[in-house]
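> A structural model of the following input is requested.
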Amino acid sequence: MIVVQAAGCAPIVRAFEQGAERAEFWQNAATISSGLRVPKPLGDFLILRAVRSSNGACIAIPDREALAAGVEAARLDGVFPAPEGAACSPPSGASCAPVSSNPPNALSSTTPALA
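Next up, the predicted model:
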């Protein structure tokens, strides 16, 4: 499993990097992706457990990269995704390497409100 969060509100990414079992509240959350502005996910411990048990990764994407990915999707595919969706496919050449060095077995996309 891979978690993608906005760099301006990434409590799961931070908890994953710190090896924590739960995420701490993200103070002053700021992102253009309002669907990703979740400063304290309710199921944080479940998300972290799923990422770790699947040898997954957590990635924080800056807003500018999510916007650029949306523009690229529109140009290449004729699709204009919301920034929340575009964050899951950063533009060509973006520097957003996963925190985990183990490649995931499968990719999974989850609606933030359900996570």
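
> wait, doesn't G70 sit right on A86?
Yes: proximity of G70 to A86 meets the contact threshold set by Cβ atoms under 8 Å, at 3.7 Å. In this view, the C-beta of every residue, glycine as well, is placed from N, C-alpha and C.

> more neighbours, those two?
A86 (24 against 21; other Cβ atoms under 10 Å).

> model confidence score at A73, please.
Looking at A73, its pLDDT is 89.

> and if you look at the one 3 residues further on?
pLDDT, the model's per-residue confidence, is 90 for L76.

> repeat that for V99.
pLDDT for V99: 41.

> likewise for V79?
V79 is given a pLDDT of 89.

> can you pull the contacts of it?
V79 sits next to A73 when contact means Cβ atoms under 8 Å, 6 or more residues apart in numbering.

> mind checking the SS state of it?
Look at V79: counting by DSSP: H, G, I helix; E, B strand; the rest coil, its state is coil.

> how about C58?
strand.

> just the CA coordinates of stretch 54-68, formatted as PDB?
Taking Å, rounded to 0.1, in the frame of the first residue of the first chain, the C-alpha atoms of stretch 54-68 are listed here in PDB:
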ATOM      1  CA  SER A  54       2.600  -4.600   2.900                       C
ATOM      2  CA  ASN A  55       6.100  -3.200   2.700                       C
ATOM      3  CA  GLY A  56       4.500  -0.100   1.300                       C
ATOM      4  CA  ALA A  57       5.600   3.500   1.300                       C
ATOM      5  CA  CYS A  58       4.400   7.000   2.300                       C
ATOM      6  CA  ILE A  59       4.900  10.000   0.100                       C
ATOM      7  CA  ALA A  60       4.300  13.700   0.600                       C
ATOM      8  CA  ILE A  61       3.600  15.600  -2.600                       C
ATOM      9  CA  PRO A  62       4.000  19.400  -2.800                       C
ATOM     10  CA  ASP A  63       0.900  21.300  -4.200                       C
ATOM     11  CA  ARG A  64       2.900  22.500  -7.200                       C
ATOM     12  CA  GLU A  65       3.700  18.900  -8.200                       C
ATOM     13  CA  ALA A  66       0.000  17.900  -7.900                       C
ATOM     14  CA  LEU A  67      -1.100  20.800 -10.000                       C
ATOM     15  CA  ALA A  68       1.600  20.000 -12.600                       C
END
